[in-house]
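Colleague: Sequence first, then the predicted structure, then my questions.
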Amino acid sequence: MKVTLQFHGDRQEIYQMALEWARDSGMPLVEERFFPTYQVQLVGGVREEDGKTRCSDGIDRISLNPSSVDLSATSSLDYVKRNPDSLFINLGEQSDAILRESVLAAMTDEVALVPVWKRLRERARKSMCKGAWVENTMSGARSRVASHYYTADAKRLSEAGVVPIGGTDWIRYQFD
């Protein structure tokens, strides 16, 4: 069984959502850095002044893990191989200029996990807005994507001039 969801969201907003899921489910949350050297660690609970745990700029992927997690991985691919039933969220690049699409994905043969991952995907969908125009800036083609999801903070960033882009730099979104 495979679960996926592509969406735009502020990295801090996505991180807080995943932390909430981890707390509610009792599952460990893991963060990975891919560059300059691969690092993987459990999310600690280091809190800022407002009491929230923050996602640093260097975090590339977070994952919710159904059982004991194997942190001995030496690469992102090795981590997936060691923890195949996890729910992964690849965090899109974010700067003052752009907000790249993020991706939630899980693939499992564990029957008990299927409804859990589907429920979390639905929970994410219900917390988001949907509907956007997408433009290929190379060709000028533009079309409506009624099912594209984005968070409230992604909308706020877009309204402030941050450009939502897809997996490639020539795909741009305009939220409803």
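Modeller: Perfect, I can see it now. Source: prediction; values computed, not measured. Residues are numbered from 1 along each chain as shown.
Colleague: what pLDDT does the residue nearest to Gln94 when sequence neighbours are not counted get?
Modeller: Once its chain neighbours are removed from consideration, Gln94 has its nearest residue in Arg11; the separation is 5.1 Å (CB to CB, 6 or more residues apart in numbering). C-beta here means a position set from N, CA and C on the backbone, and glycine is covered the same way. Looking at Arg11, its pLDDT is 94.
Colleague: could you check the distance from the residue sitting nearest the centre point of the chain over to Asn136?
Modeller: Nearest to the geometric centre of the chain sits Ile89, at 3.6 Å (CA atoms, centre = their mean). From Ile89 over to Asn136 the distance is 26 Å, taken as CB to CB, to the nearest Å.
Colleague: go on, His148?
Modeller: From His148 over to Asn136 the distance is 14 Å, taken as CB to CB.
Colleague: what about these two, which has more around it?
Modeller: The neighbour count for His148 versus Asn136, taken as other CB atoms under 10 Å, is higher for His148 (22 against 14).
Colleague: isn't there a helix covering that one?
Modeller: No - counting by DSSP: H, G, I helix; E, B strand; the rest coil, one finds His148 to be strand, located in no helix.
Colleague: Apart from its neighbours in sequence, what residue is nearest it?
Modeller: That would be Ala132: by CB to CB, 6+ apart, it lies 4.2 Å from His148.
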